[in-house]
Every structure is written in structure tokens, then in C-alpha cells.
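Asks: model this:
(chains A and B)
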Amino acid sequence: MSAIEPVRPRDPRVPVSPQLAFRVAIIGGVVMVIFGVIFFRLWYLQVLSGEQYVQQADNNGARHLPISAPRGEILDREGQPIVSSTVTNAVRIVPDELPAGISSQVAEYQQSLAAAEAVRSEKVKQLSGYEAALGGVRHKTHAQRRELERLQQETGPPRVAVPPLPRSASTLRELFRRLGRVIHLSSRTIDEDIVEGVTATPYAPVTVKTSAPGALTVLGERADEFPGVVQEPVSLREYPDGEMAAQVLGYVGEVNTTELKSPVFRGVQQGTIVGQAGLEYYYDHYLSGVPGVQRIAVNAEGQPVPSKLTPTPPRPGHILQTTLDLGLQRASEKALLEGMEHARAGGKPAIAGGFVALDPLNGEVLAMGSSPTFDPNKFAKPLTEAEYKSLTGRTGDEPGRLTDLADEGEYPTGSTFKPITAMAALEAGVITPTEGLGAGQCIYVSTEKFCNAGLADYGSVGLVEALKVSSDTYFFTVGKLANEHGGEIIQKKAKELGVGEPTGIDLPSEFPGVVPSRKWLAEENQLESKCQHEHHGQPCYIVAEPGAPWTVGYNMDLAVGQGDLLTDPLQMAVAYSTLANAYRNGGNGTVVTPHLGKQIDEANHNLVQTLRFPSRHVRLNYEDLSLVMEGIHDAASEQGGTSTPVWVGWNQEEDPVYGKTGTAERTGHVEQSWYMCYIGNAQRPIVIAVTVEEGGFGAETAAPIARLIASQWYGKPKKFVPGSSQTR
Amino acid sequence: MSPLSPIKPAEEAAQAPAPRTLRLPLDPLMTLAVIGLGVCSVITLKAATSNLAREQLGDAHYYVNRQAIYLTIGFALMIGVSRLDYARLRRYKNAIYAALLVSILAVLGLGRSANGAVRSINFPLFSFQASEIGKVLLIVALSAFIVERSRRLRERDTTVRVLIAALVPAMFVIAQPDLGSGLVYMTIACMLLFVAGTSWRHLAGLAALVCVAIAFVLVAGPAVGVHVLKPYQVERLTAFLHPTSSQKEAEAKEREAKEGVPDPTYQQQESKIAIGSGGKTGRGANASQVPYGFVPESDTDFVFAALGEKYGFVGAGLVLLLYALLISRTLRVLLMAKDLFGSLIAAGVAAMLIFQVFVNVGMTIGIMPITGVTLPLMSYGGSSVIATLLSVGLLQSIYVQARTSAALKGRVLRY
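Replies: Purely as a prediction, here's the structure:
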């Protein structure tokens, strides 16, 4: 700076005095600090935390829609698909985005619902009053039954009509009409669905059509003509065979609030389709894939804007290969229905039945089914209350269709239990195989009579003969002797072989079974006294004679598979499989865990995991076992055997049949028909269990069904050959 | 210029080494800063308003065009004012002060409301925000007052009178309600006192008074039931202390939709997200927060968020550097002014710029309370732009006058 002589004028100009310079320096300093702070903060926000804010910005500006993952297929043992999935577009309405509100309709509807509910609770009171009045009456008259039905119907869910759209809602009506034309629904139906949906789950989109492939392009290209309408890809489960193996396969549905809380469905998002029953439920973890995410950029008002956001593709579910043999399953179901028809033609009600076909060596379930049954495809759409009731509860005498009687039935087994009794008695030394027992028509114990069916008299017979002709008096005697012997040997043997315990099958639920014993009786008495206490001394009849101790009668009933014994075809099949595989293996038996799952594959069919199931070793006396097996082989092949007529023409050399009929009595009902058999083919052995409620004698109905099943398995021509044995 | 000062002959002055400064009678760096900010403003507004303008008005460049016009007019005014001798304004101080009061009262009386505030009068082609222009008027008037009392600056009487002179228009402005501008007025007054040479004791007393006032207005007063500020104003001031959660954001959005005033916590949170997501160099075309309306007022008070999101740290840093340049040049003008009046005007302008830049930028990055001050030259708004450029014009005038008088006196200062 070249300075020329400074001049000092005397006008009011304050020179840059030190004080001013100081003050300006302070200002300068403050400014620098301010800018420093701002720069640091910006550095922190943008450079250091930039990633996090980009995330937040993206979250702000994006809506996430789940893309449902295609569910894994379920295959049979050969790899043939039984259940598969297709991806289709569901048409949904987002109520908040409709051009006009439906809130007035919804409010009205809710009011009507509340009023109807009030009426219903009145009726419920009436119904319970009537039921209490009828009390313990076991056989209701026709009029009483009608009255009951009427009241029951009236207490069903209220049928409330959705109020119509108000006259002023012309935009909405137009929209529904336009939409209805595209997805082939009436505008009224669409309106009703939306109102009902919003009432049930407010703020959630309402599905108006689960699959509308024809509407895909129209709704996509002309989206602005359909405000509030969205399309979402959904995976639809298909059961091409309809009712076949329905209870075993199960069905799928949207996960509900209770399920979301359970650890079984941990990590599952709301709105995902999950298995609700059967294998679909049990293996849901494998079958469900991982849903993908579709990202839509939106602006501050939530309207979509163009973007380059990439979706995350869904991961398809794994494939479940089962042990089922599709051909065998189809044939078995057909056979069951044929058997039931035949029984009905003979005057028996034959309303329900179940069957299991097991591989006795490893517990693989080759076929398993129950009638009446249902079509899982129906669960793709929401069910009405009436439909759901018919599926779950017993209506009149029919069991619920969802119930798999093969593993959830609760029945006495009749004579099919006898081989177990025999094994128990022989091994404990309570009887010898040759001693003759059971002469006469009946056995008398104090005041009670235990008789053969039809009051037949087989005379005094040995074990093998007793099994062949199914002499009740023989086995009543064994039961009596076992009771005197003590140690509850029959009960122990039953549990050892697999009856009275859950089998561990890979299905969501099974009946654990009841084998009457002293301990069991004590527990029942306790329940009875508690119940009586609650009902002011009135007997509840949980036990037939409250407070009475164990008597020999209980054991005698058990010995022939009657009394309070309750089990299902699956447990019996496991028990017979144990006998069978021990028989093939010198007495070293395995109590197998019956299972339907064989292996898990990835969607591209690469093996992920072979499913393994535990088993239990059991040692049986081979001599005793051989005699028992001889007995039931004779029953199916020798003159006088209870099911010999059923197996006429069967090649017993190659495929020897070891079969036992059973006719279980249930008070107030026609007898239940049972048949258990093991067919000892060297390469392809099989154990078949069949039961038909109110089907008559074992040889009449269940045994011929078993022969049909076996025919399919061994490729023999199918013939329905009923027997005529009138034994139990 | 005193008649008693010896004057070197003109020839000598002419023979003195020719200054290496530019021939233009403008401070080059200051002008550069202003032009730079103007360009940045237009660019940033394009990012901030294209979508909004296209949707609401059918013309994506609506706001950009108008801002360009305002900038051009302002720039012309700046050049015009720079050619005047600012010292002449001293004479009109009373008229200027009166004009200030009248215009503010007129707005209170006749103005139209925006967001519940009556801040401007709508004329056919533009809207006139009195509080913005008022800043310039106040700077000039107050500076003139202080110069009148330049010998009595140490007296408490002077301090008090200056403060009251600023407080009166400030109160009217706050009543509009425009708290931000009111605070700017008071800051100008304080700065002028500081630079003019008020005693440290007075300044300390003033600082204490400010603290008490804040405590009263924000905390004690509402507790007793005395509301100087409206509740939403208090909320806006304290919002930056409570970062929000996403649930609160949803509630805030609802409230915004209902009341029409953006919820402060939501606004600041969004602003931080927008700026933060800009990263080092900005999101450019991927910017989503500002273009899709997540940041309210992103063309006016929160224009820095638009800048930060689109151009990142680099862009924001550049603009901040331009402001730093402008402020530093203002301070230089303060030091080189030929008289006290000039220094004071420069100080007032500096106060205005510093306060507005710090509070506005601070508010967008979440370290300052939300007050309605605009970012000079960047925010969209004719009154703000023109007021700022008028003030810069005054600065240029002071600069020119200083250089001329120094040259006449034979002093040549080289930069």
C-alpha cells in the first residue's frame, strides 16, 4: 500500500479508532465462529450422516408394498405335484383413496350390526335356557330336536344387509360400475364388500376380487380412471384334486392376529398367506417363501411419482416332498366311499370313516384320509359363518369335515386290539398258547355278563384259534387273568407298541388316545368330583359310576378293545407296524414315528434336507409274536377266519395277509367297523387301518375297503368282497 | 470534506501511480458475491419449485422467472443507488422513519394474510412486504439518529432512545405477526449501538435485558398466563430442541393439513433429512424431499434445504462462501467509510445479513429456532430481494464515496 501523507479533516468523521477496530474485530470473530459452526454442522449432516439421511429420505418418499412369494409345491413320493401355486392379481380397494367417503354407509351398517347383535344375544339366552331344560335327556323327540335346531339357527350370526349407497354418491357409483364391468362383479357387490371389509378391518385395503387376470392391463394402464383401486400380485394356492387328501394337506389363509403372536409365525408380516391346517401349517416355515418388496416413490401427499426404485424380488418357498402315493391315495379314498355306500345300501348309517396306509419298516404314510371331507380350494375366498361351522363342528351326527378321523378320531377298537392283549398275556406268562379258554357263550363276573357277539360259543380254544375266530370269551378271560396277575400288563403293552400315546406324526394335532388304567380312573374320578362340586352335587357322568373303584370289568373290556379304550386308526397302524417289523426281524421291533414329510427341496428342486424322524426300539418275544401272527394270518386265510371270505382269490404266498377284524360297540349307535392288516410282501410290505363309523361288522365294511387298498398297492384287480363274519 | 484541509493539486493526484482497481464504481468482490448469489438463487429455485409450479400453475418456471425479474430490478436499483451520495439521506431521516412506520401500519390495516399472517399488501403485479423494505429504512434512519448524537454516545439516554426508536416499528411488525423481522430490527439497533461506541456497561445491561426477555416470553410468561407470543410461535421457537419421532411426524402432518401452518418439528426434521441426504455433492436428479413437497416453504424460508439436497455439501458450501464474502466486504466498507454515517449503515446491513444468514441456515439444519427470516437473495420474494439489493446499493455508494474522498484527499487505497 503506498501511502501518501494522511490528512486529518475536522468533519464528523470518526477515524478507525482502536476501539472501533476492536469492535469490528469482535464482529469479524463472531462471524467466523458462526460460519464455522454452520460448516461443521453441514459436514456432520451431509458428509458424516449422509447415508442415514438418504435412507430416511427414501423411506419418506417411498411406500413399500409386499410382493407375495410363491408358495412351495407339495409333491407325492414320486415327485408328482399334489398342491401348487400360481401368481395372479388381486384387485383391492384402498378406502382412504376413494374419490368420496363411504363412512356414512359404514356407520349405518355398524349400527344395524349392533342392533342385530342385541337381538341375537336374546336368542342365545333362550337357547341355553332350552338346552338346560332338556338337560340330560339322551334321546330327544323329533319335536324337541326341531325346536333345538330352530333356536340354533336363530342364534347364528346376524344377517345384516349393507345399506345402499346414498343417492348423492354418484362418483362412487360410477366408479363401482366401471370397476364392476372390468372385474365382472355388480357394483352393489363391490360396495357391500367394501363396507363389510372396512367394518371388519378399518384402514386395510379390501380385496374385492381375489383373481382378475382379465383386468390386469385395463386397471394398470387406466389407473387414473379407477382412483382407490390397486392391483397386487398374490399367490393363489391350487388343489387340483379338490377334496383328495384334504385333511392331510390342509389349506391356506391370511395370517390372523392370534397367529401373528404365536412363535410358529414369527417374522411373518401381516397379510401373508400361511398354512392354517394340515401339512400346509406344519411345514409352513418351509413352504412360505420370503415376500419381496415393491417400492413406490410418493410425494408428500402420498401420490406416486416416477422413480427408479428397484423392487426386491420375493424368494419362493421350498418344495415339500411327501411320502404319499398319489395313486394309492386316490384309490383308498374311492374305496372308503365305496365301502360306506355299500354299508348304507345294507341299512347301516355309515356316516364317516378314516384310513391309514403305512410302510411298517419306516413309518412313511402312503395314504391317509377321512370322510366326510372338504375342498381346500374353497378357503381361497373368505367363508361364511355357516360354511365354517359345517367344517369344524359336528353337525348333527356328522363329524366336522376338517377333522381327520385317521388321527383325530376317538374310537374303541373292538377286536383289532386282541393281538395286543395276546402279546401282553403271553410275554407275561399269564397264559400259555395252548391252554384252552373261553368255553361257553358268556363269562360271568359277579353280576355282569361278558358275551360273544351273537351269543356264539366257540368252545375252549387256544390262542391261535381264538384269534382266528375272534373269540370274545377267550379274551375276556385273558383280561380277567391279567387283572389278577396285576401290573397292568395289557395297558403297558399297548403303550409300548404305540397305542394310547401321541404318535408324533407331522400334523398339527392328533388325538393322544386313552388306555383305561387305575391311574386313569383315579384322574377321572377327580374330574367328576370337581365337576359335581361346581354343579351342586349333580352327577356329571364323566365316569359311569362316580367314585367307584377299578374293577376287573374294566380290564376285561379293554382286553377286547371295548370299554373306555379310545384310539384312532393311526395309533393302531403304528402298533401293527411294530408287530410287523418285529416279526420280520426276529423280535427286534421299532415303534416308528409315522410321517408324511419326506424331504424339502428348493424351488429349483435341489435337495435341501431329508426329513428324519425318531423311532423307538422294542424287544418282543419272537415265539410269542409268531403265534400271534399265525393267529391273525389264519383269520385272513384259513377256513373259519373272520376275514377269510374277504380275501378270496388273494395270493397269500407272495402277499400274505395278517388281518384282524373289529366291530366296536358304541351305545346308541350302530357298531363301528374296523379292520387292521399287515401284508407281508418281501419288498413292499404295508399296514392298512380302516374304520367306518356305524358301518356294521368289521368284515362287512372295513375289511373289503382294506382289500381294495391293498389291490391298488400290489397292482391287483379291484374287487369289493364283503365278508359275513358276525363276530366283534 | 472540510474546506480547511489542504488539497493536493489535481495533477499530482493524477500523476500518482494509477490505482490497480477497476474503473467501475463498484466494489468488485461484493458485486461478484451478489451476482453469484442471484444465480444460485435462480438455480436453486428451479429445483425447489418446478414440480409445484407445474402442478399448481401449469408453468414450471413461474417462480424462477419472477425471481429473475426481481433480481434484475434489484440489481438495477443497486447500481442506481450506488451512484448517489448516501450522505444526502441524512437530511431525510425523519421522513424515512415516518415512511417506515406508515408502511408497517398500512400493512396491518390493509394487508392480505398468508399462513395466518398479515404481512403484505397486494398490488396488481406484486405484493409489497413492508417489513422487508422497512429494514433498509430503519438502518438509514437509525444511523442518522446516532450520528446526530455522536458526541453523546456514552449517555444512557442515547442508548435508550435508539432502542425505543427501533422497538416501536419492531412491535408493530411482531404484531403482524412476523417475529423474525421484528428480531432483525432489534438486532440492527444493537449492532448500530455496538459499532457506534456505546459503553460496555450499557451493552452488558442490554444483553442481560435480552436474556430476561427471552426467559419471560418463552417460559415464565406462559406459565403465568401472559402470552406475548402466540402458542404456535413459541412452539416454533422451541421445536429445534425436540427432534421428532416418526409417529409425531404423522401427527404433525395431520395438524398441518388442518391448520395450514407447517408443524415446526416436522418441517425441521424434513429439512434435515433433505439437507443430510444431499451428501457431498447432492442428489441431483434423485432429490425427492424438496421436489415432492416434503419440506414445507422450500421456496422461501427453507430454500437452503432445497440447495442442500440438490447440490450437497459442495453447493451449500459455495453459497455460504458467497455470503461470507459479502459480509466480509460489508465489514471492510464499514472500516473504510468516509464518515460515521456510512460506517453505521454498513454495520446495520452487516447485522441484517449476519442475523438472517445465521438464523435461516441454522434453522434449516436444526441448530436454531424457527423464525420467519428469509435467506437474503436466495429466498423467493420480491420485497426481500429488492430490500437486500437496495442495502447492497447503499454499501456500494459508501464504498464509492469512500474511495472518491480518499482519492481527493490524495489517499489511494489498493485492494
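Asks: got a list of what the closest residue to residue B:75 other than its chain neighbours touches?
Replies: Take residue B:75 and drop its neighbours on the chain: the residue closest to it by CB to CB, 6 or more residues apart in numbering or on different chains is residue B:389, 6.1 Å away. No exception for glycine: its C-beta is placed from N, CA and C like everyone else's. By CB atoms under 8 Å, 6 or more residues apart in numbering or on different chains, the contact set of residue B:389 is B:34, B:71, B:74, B:75, B:77, B:78, B:377.
Asks: Report how many residues lie close to residue A:517.
Replies: Per other CB atoms under 10 Å in any protein chain shown, the neighbour tally for residue A:517 reads 21.
Asks: mind checking which helix or strand residue A:274 is in?
Replies: Assigned by DSSP states H and E, residue A:274 belongs to strand A:273-275.
Asks: Give me the contacts around that strand.
Replies: With CB under 8 Å, 6+ apart, strand A:273-275 has contacts from A:68, A:71, A:234-235, A:237, A:250-255, A:259, A:265, A:268, A:280-284, A:287-288.
Asks: Just those residues: which are in strands?
Replies: Among the contacts of strand A:273-275, the residues falling in strands (DSSP state E) are A:234, A:235, A:237, A:252, A:253, A:254.
Asks: distance of the fifth one from chain B?
Replies: It stands for residue A:253. 31 Å (CB to the nearest CB, to the nearest Å).
Asks: give me the number of residues near the closest residue in space to that residue that isn't next to it in sequence?
Replies: Distances taken as CB to CB, 6+ apart put residue A:276 closest to residue A:253, at 4.7 Å, once the chain neighbours are dropped. Using other CB under 10 Å, residue A:276 has 20 neighbouring residues.
Asks: now swap in residue A:669 and tell me
Replies: Applying other CB under 10 Å, I find that residue A:669 has 13 neighbouring residues.
Asks: Dihedrals phi and psi, it?
Replies: Torsion angles at residue A:669 (phi, psi; degrees, to the nearest 10) stand at phi -130, psi 160.
Asks: repeat for the one 3 residues further on
Replies: The phi/psi pair for residue A:672 (degrees, to the nearest 10) reads phi -100, psi 130.
Asks: One more: residue A:677?
Replies: Dihedral angles for residue A:677 - degrees, to the nearest 10 - are phi -150, psi 150.
Asks: tell me the contacts of it?
Replies: Contacts of residue A:677 (CB under 8 Å, 6+ apart): A:576, A:636, A:643, A:657, A:658, A:659, A:660, A:687, A:688, A:703, A:706, A:710.
Asks: Nearest to chain B among those?
Replies: residue A:687 (60.3 Å; CB to the nearest CB).
Asks: three-state assignment of the closest one?
Replies: Three-state call for residue A:687 (DSSP: H, G, I helix; E, B strand; the rest coil): strand.
Asks: ok, residue A:112 - contacts?
Replies: A:160, A:161, A:163.
Asks: Okay, it and residue A:123: tell me how far apart.
Replies: Look at residue A:112 and residue A:123: by CB to CB, to the nearest Å, they are 17 Å apart.
Asks: if we can go back for a sec, using ChimeraX, make a named selection holding only the buried ones among the contacts of strand A:273-275.
Replies: Per 16 or more other CB atoms under 10 Å in any protein chain shown, the buried members of those correspond to this ChimeraX selection:
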select /A:68,71,234,235,237,250,251,252,253,255,259,265,268,280,281,282,283,284,287,288
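Asks: pLDDT weak spots in the stretch 51-200 of chain B?
Replies: Low-confidence segments of the stretch 51-200 of chain B (pLDDT under 70): B:111-126.
Asks: Chain A contacts on that one?
Replies: Within the stretch 51-200 of chain B, the positions lying close to chain A (CB under 8 Å from any CB of the partner chain) are B:51, B:147, B:150, B:191, B:194, B:195, B:197.
Asks: Helices of the stretch 301-415 of chain B, start to end?
Replies: Counting by DSSP state H, counting those that start in this stretch, the stretch 301-415 of chain B has helices at residues B:303-336, B:340-365, B:382-408.
Asks: Out of the ones you listed, which is the most enclosed?
Replies: helix B:340-365 (a mean of 26; mean count of other CB atoms under 10 Å in any protein chain shown).
Asks: other SSEs contacting it?
Replies: Packing contacts for helix B:340-365, counted by 3 or more CB pairs under 8 Å, 6 or more residues apart in numbering or on different chains; DSSP states H and E, involve helix A:18-42, helix B:130-148, helix B:179-196, helix B:264-277, helix B:303-336, helix B:382-408.
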